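Provided below for reference: sequence and predicted model.
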Amino acid sequence: MKTTCSNCFRINDRLPQRYCKSCHAAYMRKTRPSHSELGPVAKLRANARAYANTYLRRGKLKREPCFVCQSTSSQMHHPDYSRPLEVMWLCRPCHMEMHPHPGRKKGPG
């Protein structure tokens, strides 16, 4: 495994990632659109995530097991972005099943 950043060639502090933290941050600042550049649906999604994450950090929203398979490693799914605190807890594989994507490969099985 390469232990130096592929961009600046300094010690990589984010292994197994290719880029160090500062190079990754610079890349994200350059390429990720700002909130004002997002479309209306994307803004609604971003606001719902931020609102729910704030409540999660404050302890007013509690992490639960996956709604489908009861896995303890779960993430938030918003069925309705206009209601940011109404979340369904899903593990990553179950969450990906909820969001079919034509270019994404299905898992084994």
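Cool, the structure landed.

not counting sequence-adjacent ones, nearest residue to the residue most central in space within the chain?
Nearest to the geometric centre of the chain sits residue 75, at 8.7 Å (Cα atoms, centre = their mean). Among residues not flanking residue 75 along the chain, residue 95 sits closest, at 5.9 Å (Cβ to Cβ, 6 or more residues apart in numbering). Placement of C-beta: from N, CA and C, glycine included.

mind checking what secondary structure that neighbour has?
helix (DSSP: H, G, I helix; E, B strand; the rest coil).

show me what the residue nearest to the centre of the chain is bridged to.
Judged by DSSP bridges, the bridge partners of residue 75 are residue 90.

that one touches residue 88, doesn't it?
No - between residue 75 and residue 88 there is no contact under Cβ atoms under 8 Å: 9.9 Å.

picking that back up, residues in contact with the residue nearest to the centre of the chain?
Applying Cβ atoms under 8 Å, 6 or more residues apart in numbering, we find residue 75 in contact with 89, 90, 91, 92, 95.

if we go to 7 Å?
Contacts for residue 75 (Cβ atoms under 7 Å, 6 or more residues apart in numbering) come out as 90, 92, 95.

got the contact list for the first one?
To tie it back to what came earlier, the one meant is residue 90. So residue 90 contacts 66, 67, 68, 74, 75, 77, 98 (Cβ under 7 Å, 6+ apart).
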